[in-house]
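> What follows is a protein structure lacking sequence information:
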């Protein structure tokens, strides 16, 4: 009899840190101790803590192990399965109390969560439909098809208050009703799995960990709206998710959950996978549909809306992965239950991705209305290395930064919008005091500018011009009227762009201007970068009180710009040749390199006084 | 596939994942320290797992722990239930282990000749 399951995460994160080798080592080691009939290895989807990968969870004890590398497996098996005690070396540490965390239930990161969408992720083997069925899988579909009319399904979704998880937060029930009332046939449903925001991977984690929940949601939606064909549009970079989706579709057909006459009714539904060609703009629904049709992924003006004229000119409904995966729990547990979670206007839970300068990086699902403070300091475990929190970028590159004075705001669509940010896909990139907000705005705008499809000039030209201005500012070439120009351009791009990409691209610039205007002014007026990030505004000097003359900085300088003074042990950095790469700062063992944005504290003596450094050629440039 | 077939399939599949949901009625803990292993705790555990499997008992999880403390009475098994009641069996052999499955785990009756102690603690004190 199997007495214990060891769940090994085989999501993309843990696979790349070596979980498959760990699994193989576990197989060998369990066999060696004759435990192969007592302990079962289960490969699951993402558990949410990719930064601790490869992670493992042992049931029924609930012990959570981090960094389970193949080399640690023999000791782990001996301690946990033979001797029955947790293997302390691999227990995670609570970032706040610094105590080892014994079980998953004791881990703030896990026990603060409320898992509805990711209920099965990290618990079932996503490649086995039986495990999904064991956790009430396809039960909702069976009930909907045999006991409910399409109108009842739509009414239920409306009562639940579900809003689209893709970013805009449009009420899902209303969207479905419009589609149901569209007269044309055939109708299509589409799952938008073109998750492209930097630092967002919640859709990937759902598709990898529980692909059937998405398929079941789509089938229920198709029944409610009268569609007979569905497409999952997924980006090619998500190789594992694509693979698991294919396996899930194949199994669903085999078990009669997809195909003809489902559950003995007259309802037919087929699902196909379409792989994206790797463009951010294809997450926009009209561009996505063009791409599904095999055409160039460019947005089109709306109206006509997809529900009127979508794929091949027929009514089409597009929902995001997370929205589709939320349908099943609503149908199983009822709209009233779902509506009791969250805030007044935004119901249910949201899967967030925590990234950036934060202790607990990963995927976490919490009810709407959770404050940013709870999210960052409780679930996220705070900021590493004792640094101070500065801001959080919510909603990906088209979102905006939220500064410290607003982190007690509850997270929902309305409050984020009020702050100038957006919910977006739910990515939260945390920044500490070492982040320069002008640089952050430049980074995100660079992304959007790069990903602009080029169809409409405001987005194509406007974002480029804004980027040029930001580039100048970070180089210390900013001019006084640049802030005004940025405001004007941002308003123009926002108002006149064709699709969501352009309409939201200026958000990072606008929010950083709103909350961190003084940083822009420092860059422009005083040519200083207060956070010491913008390279061109930095200077590096050697503190001769601390320098021991070991020459390690000089030998590591890529531009040969550190020299020794003849007859002395003194080293100098020649400012005009320095590229501000910080290699000297990283290599100095004596903390004698001073990084500053106020200009060098002393200048190097005239060149003839320098002597060559052993093992290093003198610079030939001058 | 109809709804009844799906439900049947679910019942069958549920045994596979039930272990991960962690709300079993009983938890059987084997004392698997040096003295336990020397007294044959491993073989007894195998016998018990076999019996549980054979009889299809699904309200129990089996775990091992270090030395329980009754070194001269090994092999020792402790059975904890959800109400916080703990029954300790000492000097268990394979037959006794099988009997514990049929009597204690299936019928809820403590096997008299084998049990050496029974305590009840508050729910809150029960380790997770």
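Received it, and whenever you're ready, just let me know what you need. Everything numeric here is computed off the predicted structure, so don't read it as measured data.

> got the contact list for the nearest residue to residue A:27 once chain neighbours are set aside?
Distances taken as Cβ to Cβ, 6 or more residues apart in numbering or on different chains put residue A:41 closest to residue A:27, at 6.5 Å, once the chain neighbours are dropped. The way it works is simple: take the backbone N, C-alpha and C, and place the C-beta from them, glycine included. Residue A:41 sits next to A:5-6, A:8, A:23, A:26-27, A:30 when contact means Cβ atoms under 8 Å, 6 or more residues apart in numbering or on different chains.

> And residue A:252, by the same measure?
Taking Cβ under 8 Å, 6+ apart as the test, what residue A:252 contacts is A:129, A:212, A:215, A:258, A:271.

> Give me the subset of those residues that lies in helices.
Taking DSSP state H as the definition of helices, the contacts of residue A:252 contribute A:129, A:212, A:215.

> from the residues you listed, which is closest to residue B:90?
residue A:129 (45.5 Å; Cβ to Cβ).

> Which residues of chain B lie near chain A?
B:1-3, B:6-7, B:9-10, B:12-14, B:16-20, B:22, B:24, B:27, B:29-30, B:32-33, B:49-50, B:52-53, B:61-66, B:128 (Cβ under 8 Å from any Cβ of the partner chain).

> Can you select the buried ones from the contacts of residue A:41 in ChimeraX?
For the buried members of these, the matching ChimeraX selection, counting by 16 or more other Cβ atoms under 10 Å in any protein chain shown, is:
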select /A:5,6,8,23,26,30
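
> In three-state terms, label the most centrally placed residue in chain B for me.
Note on chain B: the residue nearest the mean C-alpha position is residue B:28, at 2.7 Å, using Cα atoms, centre = their mean. Following DSSP: H, G, I helix; E, B strand; the rest coil, residue B:28 is assigned to strand.

> who's in contact with the nearest residue in space to it that is not next to it in sequence?
Leaving aside its sequence neighbours, residue B:28 sits nearest to residue B:62 (Cβ to Cβ, 6+ apart; 4.9 Å). Shown in contact with residue B:62 (Cβ under 8 Å, 6+ apart): A:1, A:3-4, B:27-28, B:30, B:45, B:48-49, B:52.

> how about the strands in chain B?
B:26-31, B:60-65, B:77-81, B:85-89, B:115-120 (DSSP state E).

> got a markdown table for the ones you listed, with distance to residue A:116 and mean pLDDT too?
Output for those, formatted as a markdown table (distance: least, Cβ to Cβ, whole Å; pLDDT from 0 to 100):
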| stretch | distance to residue A:116 | mean pLDDT |
| --- | --- | --- |
| strand B:26-31 | 28 | 85 |
| strand B:60-65 | 26 | 84 |
| strand B:77-81 | 31 | 86 |
| strand B:85-89 | 34 | 85 |
| strand B:115-120 | 36 | 75 |
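
> List the ones among the residues of chain B next to chain A that fall in helices.
Going by DSSP H, the helices hold B:3, B:6-7, B:9-10, B:12-14, B:16-18, B:49-50, B:52-53 from the residues of chain B next to chain A.

> Those residues: which two are farthest apart?
In these, two members sit farther apart than any others by Cβ to Cβ. They are B:3 and B:50, at 35.6 Å.

> before we move on, the earlier item: PyMOL command to pick out the buried ones of the contacts of residue A:252?
Filtering the contacts of residue A:252 down to the buried ones (16+ other Cβ under 10 Å) takes a single PyMOL command:
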select buried, chain A and resi 129+212+215+258+271
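
> from the contacts of residue A:252, which single one is nearest chain B?
Checking those against chain B by Cβ to the nearest Cβ gives residue A:129 as the nearest, at 8.9 Å.

> ok, the closest one - contacts?
The contact partners of residue A:129, by Cβ under 8 Å, 6+ apart, come to A:137, A:212, A:248, A:251-252, A:254-255, A:257.

> Report the separation between residue A:350 and chain B.
Shown here: residue A:350 relative to chain B, a distance of 25 Å by Cβ to the nearest Cβ, to the nearest Å.

> Tell me, how many residues neighbour residue A:568?
12 (other Cβ atoms under 10 Å in any protein chain shown).

> tell me the SS of it?
Counting by three-state DSSP, the backbone at residue A:568 sits in coil.

> Next, it: phi, psi?
Residue A:568 has phi and psi values of phi -120, psi 170 when expressed as degrees, to the nearest 10.

> And it, how far from residue A:329?
Remark: distance between residue A:568 and residue A:329 (Cβ to Cβ, to the nearest Å) = 73 Å.

> Likewise for residue B:17?
To residue A:329, residue B:17 is 17 Å away according to Cβ to Cβ.

> do residue A:229 as well
Using Cβ to Cβ, residue A:229 is found at 25 Å from residue A:329.

> got it, and residue B:61?
27 Å.

> Just give the closest residue to whatever residue of the stretch 501-622 of chain A ends up closest to chain B, not the sequence neighbours.
In the stretch 501-622 of chain A, the residue that lies nearest chain B is residue A:504 (40.6 Å; Cβ to the nearest Cβ). Excluding the flanking residues, the one nearest residue A:504 by Cβ to Cβ, 6+ apart is residue A:398, at 3.4 Å.

> Surely the one you found and residue A:422 touch.
Yes. Assessed by Cβ atoms under 8 Å, residue A:398 is found in contact with residue A:422 at 6.5 Å.

> For the two, list the residues in contact with both.
A:504, A:507.

> Those two: who's more crowded?
Of the pair residue A:398 and residue A:422, residue A:398 is the one with more neighbours under other Cβ under 10 Å, namely 24 against 21.

> Tell me which residues touch the more buried one, please.
Per Cβ under 8 Å, 6+ apart, neighbours of residue A:398: A:197, A:422, A:424, A:444, A:448, A:500-501, A:504-505, A:507-508.

> Just among the residues you listed, which is most surrounded?
Using other Cβ under 10 Å as the neighbour criterion, residue A:508 leads the contacts of residue A:398 with 30 neighbours.
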